[in-house]
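Sequence and computational prediction follow.
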Amino acid sequence: MKVKKILVSQPKPSSEKSPYFELADKYGVEVVFRPFIKVEGLSAREFRAQKVSIPDHNAVIFTAKTAIDHFFRLCEEMRYQVPDTQMYFCVSDQIANYLQKYTVYRKRKIFCSPTGKLEGLLPYMQKHKKDKYLLAVSDVNSGSDAEILNGVINYDRAVMYRTVSNDFGPDEAFDYDMLVFFSPQGIDSLMKNFPDFNQGDIAIATFGATTAKAAKDAGLRVDIEAPSVKAPSMTAAIDQYLAEHNGVPQAEEAV
């Protein structure tokens with residue numbers, strides 16, 4: 001079946017140079033950006049129920065920009081003034097640079113993983129073994145960090161935000177030929193919003209093994225799985241699918 005309309009379950013890119021827009025022009029398809037899930041912060045009361053005190057920790061570990069937003073939001077709601085001596089351990093330069101939104105960036109108190117992974121922070125943490133760390137996470141955090149951090153540092157995991165379904169309105173059109181998912185939570189949201197969902201000819205694209213498994217466990221047919229050797233990105237995988245099912249791209253027809 002020829003694909004005419006694609007739903008990408010992510011926020012719309014801020015740049016017009018997104019490869020999704022290039023796909024739309026190349027094949028003459030409509031690409032709609034509509035997240036199936038959204039993030040909401042825990043209230044100060046919900047956070048306190050975890051019996052974790054932010055002031056008891058002089059170092060914070062961030063694995064996402066969202067965690068930074070909700071850490072400082074909770075501090076403000078609980079009227080806690082984060083001290084200038086607070087240390088921050090970030091899994092990437094991008095996350096570390098995002099801290100400038102809330103604090104003065106000082107190399108002496110901000111540490112970045114050179115590998116983009118939590119393991120890359122261990123050499124820095126081992127130099128600060130006596131400090132107490134707070135790991136800011138979401139409710140869907142897998143807990144794999146325990147295998148990395150346990151026995152290395154003294155830390156507490158603290159859930160600061162949750163992922164919830166971004167429900168569709170009763171009058172919201174759902175006339176897509178392809179649905180693109182990036183997390184198991186997105187699959188859960190689809191089934192929650194449309195419990196009688198009949199896939200039929202609708203193509204399902206998933207990114208990552210856990211997302212593909214969630215789709216298959218939900219009884220869905222996965223038509224596109226990314227990344228792969230031939231398609232390292234989701235857009236590359238969709239490009240291959242459209243080339244096969246939509247025929248010659250419009251750009252080539254015009255030549």
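Great, that's in hand. Keep in mind the model is a prediction, meaning the values are calculated, not measured.

Would you map the helices across the stretch 51-200 of the chain?
65-77, 93-98, 122-126, 145-149, 184-193 (DSSP state H, counting those that start in this stretch).

Tell me the spacing between Met160 and Thr85.
21 Å (Cβ to Cβ, to the nearest Å). Quick note: C-beta positions are derived from backbone N, CA and C, even for glycine.

and what of Ser43?
Taking Cβ to Cβ, one finds Ser43 at 27 Å from Thr85.

quick one: low-confidence ranges for the stretch 101-250 of the chain?
In the predicted model, the stretch 101-250 of the chain carries pLDDT under 70 at residues 107, 142, 248-250.

let's see 50
Low-confidence segments of the stretch 101-250 of the chain, defined by pLDDT under 50, are absent.

so where do the strands sit in it?
110-112, 132-138, 154-165, 178-181, 203-207, 224-226 (DSSP state E, counting those that start in this stretch).

quick check: angle from the longest one to helix 184-193?
What it means is strand 154-165. For strand 154-165 against helix 184-193, the angle by axes from the mean of the first three to the mean of the last three Cα atoms, to 10 degrees is 40 degrees.

Point out the other helices and strands that strand 154-165 packs with.
Under the contact criterion of 3 or more Cβ pairs under 8 Å, 6 or more residues apart in numbering; DSSP states H and E, strand 154-165 touches strand 37-41, helix 44-48, helix 65-77, strand 132-138, helix 145-149, helix 184-193.

again, 10 Å this time
With contacts defined as 3 or more Cβ pairs under 10 Å, 6 or more residues apart in numbering; DSSP states H and E, the packing partners of strand 154-165 are strand 37-41, helix 44-48, strand 59-62, helix 65-77, strand 132-138, helix 145-149, helix 184-193.

Can you tell me the strand partners of that strand and which way each runs?
strand 37-41 (antiparallel), strand 132-138 (parallel) (DSSP bridges).

That one: which residues count as buried?
Residues of strand 154-165 classed as buried: 155, 157-161, 163, 165 (neighbour count, 16 or more other Cβ atoms under 10 Å).

Quote the end-to-end distance of stretch 224-240.
Between the opening and closing residues of stretch 224-240 lies a distance of 9 Å (Cα to Cα, to the nearest Å).

Same check on stretch 174-187?
Calculated as Cα to Cα, the first-to-last residue distance of stretch 174-187 is 15 Å.

Next, the buried residues of it.
Applying 16+ other Cβ under 10 Å to stretch 174-187 flags 176-187 as buried.

Please compute how far that stretch lies from its chain's middle.
14 Å (Cα atoms, centre = their mean, to the nearest Å).

What of stretch 163-182?
17 Å.

and it, how far apart are its ends?
13 Å.

swap in stretch 172-186?
End-to-end distance (Cα to Cα), stretch 172-186: 17 Å.

and if you look at stretch 224-238?
End-to-end distance for stretch 224-238, by Cα to Cα: 7 Å.

Next, the buried residues of it.
For stretch 224-238, by 16+ other Cβ under 10 Å, it's 224-226, 231, 234-238.

same thing with stretch 41-59?
41-42, 44, 47, 54, 57-59.

quick one: average pLDDT of it?
Across stretch 41-59, the average pLDDT comes to 97.

beta partners of the nearest residue to Tyr176 once chain neighbours are set aside?
Distances taken as Cβ to Cβ, 6 or more residues apart in numbering place Leu7 nearest to Tyr176, at 4.3 Å, with adjacent residues excluded. Here Leu7 sits in beta bridges with Val32, Leu179, going by DSSP bridges.

Could you report the neighbour count for Leu7?
23 (other Cβ atoms under 10 Å).

Farthest pair within the buried residues of stretch 41-59?
Across the buried residues of stretch 41-59, no pair lies farther apart than Gly41 and Asn58, at 22.9 Å, counting by Cβ to Cβ.

hang on, the earlier thing: among the helices and strands packed on strand 154-165, which is the most enclosed?
Of all these, strand 59-62 has the most neighbours on average by mean count of other Cβ atoms under 10 Å, namely a mean of 23.
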